[in-house]
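[1] coords please:
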Amino acid sequence: MNKSELLDLVAEKTGMSKKDSDQAVKAVLESITDGLVRGDKVQLVGFGTFEVRNRKAREGRNPATGEKIKINALRCPAFKPGKALKEKVK
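    Below is the predicted model of the structure:
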């Protein structure tokens, strides 16, 4: 499913126009992003939890040359599905 299809579904389920559903979806995604940038966990009960995880610096290899390279530490977003979502997808 792409963004356009998601917007169509949201508009259909809520009775909102596509323009209003686009604004609502954008607002939700921006709010989740803002929370993650602040370092907060965003927990949607029944759906899942978005959080930022820290990855340690490590040594890797360039697949083309086999040369060792240093991979810097970084923060990356992660999602852990909730129990209700896991049950529905099962």
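
[2] only C-alpha atoms from now on, for both contacts and neighbour counts.
    Will do.

[3] how many residues are close by residue 34?
    Using other Cα atoms under 10 Å as the criterion, residue 34 is surrounded by 13 other residues.

[4] give the closest residue to residue 70 in space, chain neighbours not counted.
    Distances taken as Cα to Cα, 6 or more residues apart in numbering place residue 59 nearest to residue 70, at 4.7 Å, with adjacent residues excluded.

[5] against residue 13, how distant is the one you found?
    Residue 59 sits 48 Å away from residue 13, going by Cα to Cα, to the nearest Å.

[6] run through the strands of this protein in chain order.
    Using DSSP state E, the strands found in the chain span residues 42-44, 48-55, 58-61, 68-71, 74-81.

[7] need those in TSV (columns: mean pLDDT and distance to residue 32).
    Formatted as TSV, the strands of the chain follow (pLDDT from 0 to 100; distance: least, Cα to Cα, whole Å):
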stretch	mean pLDDT	distance to residue 32
strand 42-44	96	6
strand 48-55	96	8
strand 58-61	95	29
strand 68-71	95	27
strand 74-81	96	11
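
[8] isn't residue 56 up against residue 73?
    Yes - using Cα atoms under 8 Å, residue 56 is in contact with residue 73, at 4.6 Å.

[9] how many neighbours does the residue nearest to residue 70 have?
    As a burial measure, residue 59 scores 10 neighbours (other Cα under 10 Å).

[10] for residue 57, report the pLDDT, please.
    At residue 57, the pLDDT value in this model is 96.

[11] tell me the contacts of the nearest residue to it once chain neighbours are set aside?
    Setting aside the residues directly before and after it, residue 57 is nearest to residue 73 in space (Cα to Cα, 6+ apart), at 4.0 Å. Residues counted as contacts of residue 73 (Cα atoms under 8 Å, 6 or more residues apart in numbering) are 54, 55, 56, 57, 58.
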